[in-house]
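Trainee: Model the structure of this input:
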Amino acid sequence: RIQVEHPVTEAVTGQDIVAWQLRLASGEALPAELDRLEPRGHAIECRLCAERPPEHTPSSGRLLVFEPPSTPWVRFDTGYRQGDDVSVAFDSLLGKAVTWGPDRKTALRRMDLALETTVVLGIETNADFLRDALRHPTFQAGSYTTSFLEGEMGRWRPPEAPAEVAAIAAGALERSARRASGREAARAAGPWDAIRGPFFEARSP
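Mentor: The predicted model follows:
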């Protein structure tokens with residue numbers, strides 16, 4: 001069984017763990033050099049979720065704007081794209097961001113930048129909560145415990161959204177409605193007139 005956090009291991013070892021799982025399943029043997037792997041650098045993963053911190057209740061709706069991070073040294077695995085609907089009937093995970101650096105400080109800085117450049121409109125996410133957790137002195141020092149979220153982050157509140165964000169969201173909603181109208185027309189013309197691309201996308205460092 002492969003853990004959902006396997007991209008962190010892949011980032012520090014340079015190995016495709018899923019590919020090795022499939023090779024093993026097809027009867028191949030692991031090469032001896034895999035027993036001597038030495039991790040290099042540091043990697044960290046953040047789970048971008050459709051939720052409303054600090055209560056972390058589900059947030060649902062249409063992804064009017066969905067621009068995952070594309071900064072250097074970041075991998076973002078997702079099954080969503082702009083225009084998709086996010087339902088409360090499924091896991092709230094929108095995507096996993098993984099950053100690598102030669103040391104922990106660099107990996108954290110790259111993750112902060114990755115989250116800063118991620119744009120999601122239409123639903124609420126935990127991006128601001130993640131960024132503030134990453135910047136917290138206790139987390140930066142690596143001296144946190146399992147009580148970190150309840151203790152140090154217990155009084156966290158989301159920042160006020162600038163007025164221009166509401167204006168952008170309204171414009172995005174209008175454009176989304178127009179695109180939806182176009183899709184309905186395409187469907188009326190026939191099922192093969194509009195073919196959508198692959199559902200799953202993955203980006204590697």
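Trainee: all helices of this structure, in order?
Mentor: 6-13, 17-25, 104-116, 127-135, 137-141, 148-151, 163-189 (DSSP state H).
Trainee: Those: lowest mean pLDDT?
Mentor: Among those, helix 163-189 has the lowest mean pLDDT, at a mean of 62.
Trainee: can you pull the contacts of Trp156?
Mentor: 53-54, 129, 132 (CB atoms under 8 Å, 6 or more residues apart in numbering). To be clear about C-beta, it is placed using only N, CA and C from the backbone, and glycine gets the same treatment.
Trainee: ok, now with 10 Å
Mentor: 53-54, 128-129, 132-133, 136, 149 (CB atoms under 10 Å, 6 or more residues apart in numbering).
Trainee: Which one of the residues you listed is nearest to His6?
Mentor: Ala133 (22.0 Å; CB to CB).
Trainee: so the closest one touches Phe139, yeah?
Mentor: Yes: the pair Ala133 / Phe139 is scored as a contact, 5.9 Å apart, by CB atoms under 10 Å.
Trainee: got any residues that touch both of these two?
Mentor: Joint contacts of Ala133 and Phe139 (CB under 10 Å, 6+ apart) are 148, 152-153.
Trainee: And the residues you listed, which of them are buried?
Mentor: The neighbour-count criterion (16 or more other CB atoms under 10 Å) marks 152-153 among the shared contacts of Ala133 and Phe139 as buried.
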